[in-house]
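A.B. asks: Please work out how this folds:
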Amino acid sequence: MSNTKTSVAAPSVISDFKEITKMRLSISVVFSSLVGYLLGVDIVDFKILALLALGGYFMVGASNGFNQIIEKDLDALMSRTKNRPIPAGRMSVTTAFIISSIFTLLGIIILYSINKQTAMFGAISIFLYTCAYTPLKTKTPLAVFVGAIPGAIPFMLGWVAATDDFGIEPGTLFALQFFWQFPHFWAIGWFLYDDYKKGGFFMLPTGKQDKGTAVQTIMYCIWTVIISIIPVFGFTGRLHLSIIAAIIVFGLGLWMIYYAVRLFRLMTEKAAKQLMLVSVSYITLVQIVYVIDKFLS
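C.D. replies: Down below sits the predicted model:
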């Protein structure tokens, strides 16, 4: 009997740990920082790569943990989040705070062992996500703008980890991921509009599922695509893009713009969900193209 209880309890503890640190999201963020590292480095140091992955995971996990502590009462109101460990009562605030604090400390120490700038940007991202983005979500749609800053840091963080330098190259990577987040988050805000409303979150730029929000989504997709092909023109220092890679990246951008226009035409939650899925595929594929192009050209 006791064996059965243990086998049932163990996966629950593991799944709660994955939930409090948002493991899938954390891994995708770590992926973008590793891409940034590969773009910035001449010779890959696998020790640095491993430290960046580990430190980055701790930083993102810490941000998500603090976020869920702050929003525990609001999470309980929404269908999407009510079963999270804290609102569901499976994890205490104290436990979540200890996990998040340990993650913060470990993340900063590990990133500091790479270089000071990497640790600094990592600490800035935790601070902005927890102390600015999270409280602003219930106050103003500008929260998405604020949240896009820590969300864009990992891509450039990889370059800084590789070079210990902040210049036009990591600035371009930051801008690409920064502008991409607007259509991505607005698509999520659109198809989860009713659920977000229960928690009092203001995610859409006009506050409504309307043409104004759809037009802004299209515009930010266009800005994202423009930034993504800038390296082909040779303005971005050591960050290069071949003509073939730029054409592929541009094609991926048109694919995302198509789904943004489709949202404008259909104005449905299904169209918003499709745009969100396409936006995730877009940023992943663009980053892969950047890396392949660097090592082939």
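
A.B. asks: Tell me if I'm right that residue 170 and residue 40 touch.
C.D. replies: Yes - counting by CB atoms under 8 Å, residue 40 is a contact partner of residue 170 at 7.4 Å. Just so you know, the C-beta spots here come from the backbone N, C-alpha and C atoms, and that holds for glycine as well.

A.B. asks: Same drill for those two, tell me which one is more crowded.
C.D. replies: Remark: of residue 170 and residue 40, residue 170 carries more neighbours, 28 against 22, as counted by other CB atoms under 10 Å.

A.B. asks: wait, what's in contact with the more buried one?
C.D. replies: Shown in contact with residue 170 (CB atoms under 8 Å, 6 or more residues apart in numbering): 36, 40, 156-157, 159-160, 163.

A.B. asks: Regarding the residue minimising distance to the centre of the chain, what is its secondary structure?
C.D. replies: Residue closest to the mean C-alpha point of the chain, counted by CA atoms, centre = their mean, is residue 151 at 4.5 Å. Using DSSP: H, G, I helix; E, B strand; the rest coil, the structure places residue 151 in helix.

A.B. asks: Distance check, it against residue 43.
C.D. replies: Distance, residue 151 to residue 43, using CB to CB, to the nearest Å: 29 Å.

A.B. asks: do the same with residue 256
C.D. replies: With CB to CB as the criterion, residue 256 and residue 43 are 34 Å apart.

A.B. asks: Repeat that for residue 202.
C.D. replies: Distance from residue 202 to residue 43, by CB to CB: 47 Å.

A.B. asks: Identify the residues contacting the residue lying closest to residue 126 once chain neighbours are set aside.
C.D. replies: Counting by CB to CB, 6 or more residues apart in numbering, residue 126 lies nearest to residue 63, which is 5.1 Å off, once chain neighbours are set aside. Residues in contact with residue 63 (CB under 8 Å, 6+ apart) are 125-126, 129-130, 150.

A.B. asks: again, only this time at 7 Å
C.D. replies: 125-126, 129-130 (CB atoms under 7 Å, 6 or more residues apart in numbering).

A.B. asks: in which helix or strand would I find residue 42?
C.D. replies: Under DSSP states H and E, no helix or strand contains residue 42.

A.B. asks: Please report the number of neighbouring residues for it.
C.D. replies: 8.

A.B. asks: do the same with residue 86
C.D. replies: 23.

A.B. asks: Equivalent analysis for residue 297, please.
C.D. replies: 11.

A.B. asks: excluding its backbone neighbours, what's nearest it?
C.D. replies: residue 242 (4.7 Å).

A.B. asks: same thing with residue 243?
C.D. replies: For residue 243, the spatially nearest residue (CB to CB, 6+ apart) is residue 232, at 6.3 Å.

A.B. asks: Pull up the gap between the one you found and residue 283, please.
C.D. replies: From residue 232 to residue 283 the distance is 18 Å (CB to CB).

A.B. asks: tell me the contacts of residue 239?
C.D. replies: Per CB under 7 Å, 6+ apart, neighbours of residue 239: 39, 169, 172, 231.

A.B. asks: Show the subsequent helix or strand relative to the helix or strand where the first one lies.
C.D. replies: Under the criterion of DSSP H and E, residue 39 resides in helix 23-40. Next along the chain after helix 23-40, taking DSSP H and E as the criterion, comes helix 46-70.

A.B. asks: Looking at that following helix now, give me its mean pLDDT.
C.D. replies: The average pLDDT within helix 46-70 is 93.

A.B. asks: Name the residues of it that come out as buried.
C.D. replies: Counting neighbours by 16 or more other CB atoms under 10 Å, one finds that the buried residues in helix 46-70 are 48-49, 51-53, 55-70.

A.B. asks: can you give me the helices for the protein?
C.D. replies: In the chain, the helices defined using DSSP state H lie at 2-20, 23-40, 46-70, 72-75, 93-114, 116-128, 134-136, 143-163, 168-191, 193-199, 211-229, 243-266, 269-296.

A.B. asks: Of these, which is nearest residue 86?
C.D. replies: Residue 86 lies closest to helix 72-75 among those, at 4.5 Å (CB to CB).

A.B. asks: Run the chain-centre distance for stretch 141-148.
C.D. replies: Its chain's average C-alpha position is 13 Å from that of stretch 141-148, according to CA atoms, centre = their mean, to the nearest Å.

A.B. asks: mean confidence for it?
C.D. replies: On average, stretch 141-148 scores 90.

A.B. asks: Mind listing what's buried along it?
C.D. replies: For stretch 141-148, the neighbour count (16+ other CB under 10 Å) marks 141, 143-148 as buried.

A.B. asks: of those residues, closest to residue 27?
C.D. replies: For the buried residues of stretch 141-148, the nearest to residue 27 is residue 147 (18.9 Å; CB to CB).
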